[in-house]
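*Asks:* what's the 3D shape of this:
(2 chains)
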Amino acid sequence: MSYISLSDPDRKEMLARIGASSLDDLFCCIPEEIRLKKELRLPQPLTEPELLAHFESVGRGNKQNAYLSFLGAGAYRHHIPYVVDYLSSRGEFISPYTPYQPEVSQGTLQIIFEYQTLICQLTGLEISNASLYEGASAAAEAVLMAGRLKGKPKVLVAGSLHPQYREVIRTYVRNLGIQVEEVDYDVRGQVDVEVLRKKIDGETSAVMCQSPNFLGVVEDLDRLAEIAHQHQALFEVIVAEAASLGILQAPGAAGADIVAGEGQSFGLPLSFGGPYLGFMACRKEYSRQFPGRIAGQTKDTEGKRGFVLTLSTREQHIRREKATSNICTNQALCALRATIFLETLGREGMRELAYQNIQKAGYALDKLAGVTGVRRKFGGPFFNEFVLEFEGGYKKVEDHLLANGIIGGLALAPYYPGLKDCALFCITEVHSKADIDRLAGLVAEVKR
Amino acid sequence: MNPEPLIFELSAATKKGFALPKLDVPEKKNALEGLAVREAIPGFPQVSEIEVVRHFTRLSQLNFSIDTSFYPLGSCTMKYNPKINEKVAALPDFSGSHPYAPQGLIQGNLEVMKTLEEFLAEITGMDAVTLQPSAGAHGELVGMMLIRACLEARGDPRKIVLIPDSAHGTNPSSAHICGYAVHEVKSNDRGTIDLDSLDGEMTGDVAALMVTNPNTLGVFEWDILKICETVHARGGLVYMDGANMNALVGKFRPGDMGIDVIHLNLHKTFSTPHGGGGPGCGPVGVKKHLEAFLPLPIIERGPSGYSLNFGRPKSIGRVRSFFGNFLVMVRALAYIHTLGAAGLKEVAEVAVLNSNYIRKSLEGIYYLKYASPTLHECVFSDKLQSEHGILNIDIAKRLIDYGLHPPTMSFPLIVHGALMIEPTETESRRDLDRFIEAMKTIAREAVETPDLLKSAPHFSPVKRLDETAAARNPVLRWEEPKE
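*Replies:* Numbering: from 1, shown residues only, chains lettered A, B, ... in the order given. Now for the predicted structure:
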């Protein structure tokens, strides 16, 4: 199958107009000796029915959909209203480029403007960009932004920030002379304030925490903001489970200067980790150091409201090496899905979604922690995830669950050697009471 | 056309667009105790489902897209996005997988990724590929990190990266984030890298040259062997920006010709949709000597199936969460399977044919600064029209009136008033001719009725927008009107 629209006579006539005798002639500018002489070694082409059959067969190599899963840890299963799939699959949304020509891109641009507004409302901050790649690189961008704003070499990052996010931050800062130091968590699973007070100093450009953090615990943002600001450092909050913003205090209202994170919970399927949606918002006064595309409102020559990409003097196509980020293509279609999701759920729907997550996770914790030999590891407040510690280790439990069609929580030992018998469980609105009861029943069956 | 209101302007309390099933666990009245909870989100919309559907359907109708019209945006490779690939990517076995699921349960995903890595290695002639980068610029960043890590392992990361003056802005920006200073290499009068300029700049402090090939003029760097030799001889590495690989698939393999690192854009050459600005995917291919530094994790194929390797001490580390934009990879793999080797080669051939057809048809009517032969795109300028006070922006906006998307404007920077045209291989003769005729008409209008161009577009949902005002007084979000 090919997607070419020229007939054979077209090709002949076009070559004739160009004055070339063959298609190969058109490549005369590539010196003969470096042209590829053989055919690429690739499988024979497939027609549509063959292609579909092939991918269905490859897909069957994935077995996870036959299981009930309690995994979260930065990727969350929430119900996606059908209108999200329906509307976002329109060709007018899928197939345009970045809206460089605003007069014929008002759809995309207005949606970015609405998206920016929703992100501002959710985070409690003043400006949002049009999207970044995903949560981890958004966190890295927040670290770089703090460095540019404060010109100080040190960033303090909570040890309870998603382990992958911390890895990505380390990769990004490696060649830039920014030091990243971690601040441990306390017995409640929150940032250890005593450690933070010891580590923070005049050389600190930012304090970064995640809330709810990787251990499922909601941080005391007001207190952390106060400590950061006492030392003239920025306070940066990462949100990996964006559904929590429907009910938890807006980080901006608690004093966060920059909020960034992962918007996957807003209508994006799990997709084996991507494409997801990095979001970022900040206070207005930091706009010149803000990374990424931004849409703004303006008027046309007749005074009619319209939208354009703006503040582009921050960006790579104008500033080149002096740009605030190298980002160009971002995650526009994912931001569009998020916009449809958020506008469909609305104010009450977002609160109800978050409330059900809290209620169901609370119910699950009571059931699971009621099993002998199982206890919650950290006492801090939580949203839809919590860490359980299993007497005698988690492996036996994990295997027993798998043998019975359940993917249990994420074993934490590889990420936190100190949490070797622990696992992180996630419960969302998609889990029924029966699902949770079954999980708890199976956990109780494991001999300790 | 009536303007579409913002959703916030349609909102009213108590309207509903979605309902969750009733809570089926016993409700705990004190569940929120100890949590810092917000009041209802101020200003957040409340609309009905049909309001959402009409809102987005109407907004979609304000967009130009490949599905609605010819989109010759240079350097963006706006080819047709095959629909079956959307269906393949949406198969629940792929779209429903959790990235932390046990490896034994996600063998299909790993097979997709490993196969795509191998296909891209074959297409580019590189030894290994990582699929993790989320877009082209992210690929550049990873590529430059790999180069730096490789040179550090040799004992000296060096200080400078050379970039031609015709390069995309992401190149210098990506090099900068890797801690490198950027020096510019001049283009010669053929529009290619000036070997003398390269020779002069290529000191022992230079880590790498970033070269786009074919470059942003659509001109193949035909001295590529000599360029690579010069850089390698002085201990540097050569990075190829593969954004324009659509001109080369099946015709030329960068890995055979001395390129050390390359990134590709799956959302250009391999037909995955641009989505109005992403998601993309920017795989990076490397030669053997850079393989050990690739980001984590690495996918391995063994006798008992596929597995993920997280333990590679020389790796630059992780560059994003999880494994990359996986569903974009699924689409690109489906595309390669559909076309096969012969089909991919035909892609390059017809993309070059279409571009040269446009070039030949418009030469003389629009000014072509460089006479060199071009491949998949050609760069005209407004030089002839500017004598009548008409600039590239006026030509671009007038094209909108003819139902066509404008070319890329004012890039590359070495062509003043540039109009960069890339038709891609999927366009029909009729659409190419329609574009050519429109461009000819506009050239006439530039002389006869220049005001018509100055005030264009006339038939778009909005008239020309004031971008200066937008930047001067930024309004970046909707605000609830004050009582």
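*Asks:* does B:Val129 count as helix, strand or coil?
*Replies:* strand (DSSP: H, G, I helix; E, B strand; the rest coil).
*Asks:* Let me fix that, I meant to ask about A:Phe386.
*Replies:* The three-state label given to A:Phe386 by three-state DSSP is strand.
*Asks:* B:Tyr366: how many residues sit nearby?
*Replies:* A total of 23 residues lie near B:Tyr366 under the criterion other Cβ atoms under 10 Å in any protein chain shown. The way it works is simple: take the backbone N, C-alpha and C, and place the C-beta from them, glycine included.
*Asks:* What sits closest to it if chain neighbours are left out?
*Replies:* B:Phe380 (3.8 Å; Cβ to Cβ, 6 or more residues apart in numbering or on different chains).
*Asks:* Report the contact partners of that neighbour.
*Replies:* Listed by Cβ atoms under 8 Å, 6 or more residues apart in numbering or on different chains, the contact set of B:Phe380 reads B:Leu362, B:Tyr366, B:Tyr367, B:Leu368, B:Ala418, B:Leu419, B:Ile421.
*Asks:* if you set the cut-off to 7 Å instead, what comes out?
*Replies:* B:Leu362, B:Tyr366, B:Tyr367, B:Leu368, B:Leu419, B:Ile421 (Cβ atoms under 7 Å, 6 or more residues apart in numbering or on different chains).
*Asks:* possible to save those residues as CSV with distance to A:Val387, pLDDT and secondary structure?
*Replies:* As requested, the contacts of B:Phe380 are exported to CSV (distance: Cβ to Cβ, whole Å; pLDDT from 0 to 100; DSSP: H, G, I helix; E, B strand; the rest coil):
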residue, distance to A:Val387, pLDDT, secondary structure
B:Leu362, 65, 98, helix
B:Tyr366, 65, 98, strand
B:Tyr367, 67, 98, strand
B:Leu368, 65, 98, strand
B:Leu419, 58, 98, strand
B:Ile421, 57, 98, strand
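*Asks:* Who wins on neighbours among these?
*Replies:* Going by other Cβ under 10 Å, B:Leu419 tops the contacts of B:Phe380 with 28 neighbours.
*Asks:* was I right about that one contacting B:Asn392?
*Replies:* Yes. Using Cβ atoms under 7 Å, B:Leu419 is in contact with B:Asn392, at 5.2 Å.
*Asks:* By mean pLDDT, which helix or strand of chain A comes out lowest?
*Replies:* In chain A, the helix or strand scored least confidently by mean pLDDT, DSSP states H and E is helix A:316-319, which has a mean of 86.
*Asks:* still on that earlier bit, relative to B:Leu465, which of the contacts of B:Phe380 is nearest.
*Replies:* Closest to B:Leu465 out of the contacts of B:Phe380 is B:Leu419 (19.8 Å), distances taken as Cβ to Cβ.
*Asks:* Pull out the buried positions in stretch B:375-393.
*Replies:* Residues of stretch B:375-393 classed as buried by neighbour count (16 or more other Cβ atoms under 10 Å in any protein chain shown): B:375-382, B:384-386, B:390-393.
*Asks:* what's the offset of that stretch from the middle of its chain?
*Replies:* On the basis of Cα atoms, centre = their mean, to the nearest Å, stretch B:375-393 sits 24 Å off its chain's mean C-alpha point.
*Asks:* quick one on the thing from earlier: ok, so of the contacts of B:Phe380, who is nearest B:Thr57?
*Replies:* Nearest to B:Thr57 out of the contacts of B:Phe380 is B:Ile421 (Cβ to Cβ; 31.3 Å).
*Asks:* Go ahead and confirm that closest one touches B:Ile358.
*Replies:* Yes. Contact criterion Cβ under 7 Å: B:Ile421 and B:Ile358 qualify, at 5.8 Å.
*Asks:* Run through who's touching the least confident helix or strand of chain A.
*Replies:* Applying Cβ under 7 Å, 6+ apart, the external contacts of helix A:316-319 come out as A:Ser312, A:Thr313, A:Ala323, A:Asn326, A:Cys328, B:Gly169, B:Thr170, B:Ser173.
*Asks:* With secondary structure, distance to A:Lys150 and pLDDT added, can I get those residues in CSV?
*Replies:* Putting the contacts of helix A:316-319 into CSV (DSSP: H, G, I helix; E, B strand; the rest coil; distance: Cβ to Cβ, whole Å; pLDDT from 0 to 100) gives the following:
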residue, secondary structure, distance to A:Lys150, pLDDT
A:Ser312, helix, 24, 90
A:Thr313, helix, 21, 88
A:Ala323, coil, 19, 89
A:Asn326, coil, 21, 91
A:Cys328, coil, 26, 92
B:Gly169, coil, 26, 91
B:Thr170, helix, 26, 94
B:Ser173, helix, 21, 94
